[in-house]
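In: Okay, here's the prediction I keep looking at, along with the sequence it came from:
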Amino acid sequence: MEESQNIPPEPKKSTNSTLIVGIVVVVLIIGGGFLLLSRGASSPTTPPQTTITTSAEPTAKAADTVSIETKSFAFSPAIIKIKAGGTITFTNRDSVAHSFTADDGKSFDSGLVGKDQTKTVTAPKPGEYPFHCTPHPYMKGTLIVE
């Protein structure tokens, strides 16, 4: 007659290993989150070629003549006030060509302007005209004509 033995089964090592790995991962995620919060982490940065720095301050009052320039892939100032029929002088200070183009495509357009070149356009009838750079459409501004 065979004798049966009551031997408890060995714990499964893969289950215990998986549990330990899972706990370590959770601890690392929580610890990393606290580390980021304590350092004042922010959202990922935008690549330099798409970083836009603009002056949100419009020129003080509508003028007969205004100047705008591009520098570091941004219009400065980004908001311009001018009288209808006034002269806008656009100067490119970047090493690549830019344009000063109304979003509607017809109110004004400097065409491409090379490094350190200047182009003059005439302010259209009164209104607000969003504008951009044709080759770099993330470069934006607003022309306010009074």
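Out: Thanks, I have the structure now.

In: end to end, how far does stretch 128-146 reach?
Out: End-to-end span of stretch 128-146 (Cα to Cα, to the nearest Å): 9 Å.

In: what mean pLDDT does it have?
Out: Confidence over stretch 128-146, taken as the mean pLDDT, stands at 96.

In: do stretch 29-37 as well
Out: The predicted confidence, averaged over stretch 29-37, sits at 58.

In: what's the answer for stretch 68-86, then?
Out: Within the predicted structure, the mean pLDDT of stretch 68-86 is 95.

In: which residues are in contact with stretch 132-146?
Out: Contacts of stretch 132-146 from elsewhere in the structure, counted by Cβ atoms under 8 Å, 6 or more residues apart in numbering, are 50, 52, 54, 58, 62, 68, 70, 73-75, 77-84, 86, 88, 96-103, 108, 112, 123-131. Where C-beta positions appear, they are placed from N, C-alpha and C, glycine not excepted.

In: Domain boundaries for this protein, per the record?
Out: According to automatic domain parsing, the chain comprises the domains 13-42, 48-145.

In: for this protein, which strand is longest?
Out: Longest strand in the chain by number of residues, with DSSP state E as the criterion: strand 79-92.

In: gap between the two ends of stretch 65-75?
Out: Across stretch 65-75, first to last residue, Cα to Cα, it's 17 Å.

In: Adding mean neighbour count as columns, could you present the domains of the chain in TSV?
Out: Rendered in TSV, the data for the domains of the chain read as follows (neighbours: other Cβ atoms under 10 Å):
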stretch	mean neighbour count
domain 13-42	10
domain 48-145	16
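
In: Please report how far His136 lies from Ile144.
Out: Noted for His136: a distance of 22 Å to Ile144, by Cβ to Cβ, to the nearest Å.

In: and if you look at Ser76?
Out: Ser76 is 16 Å from Ile144, where distance means Cβ to Cβ.

In: Hmm, Val96 and Thr70 touching each other?
Out: No - at 9.3 Å, Thr70 does not count as touching Val96 under the criterion of Cβ atoms under 8 Å.
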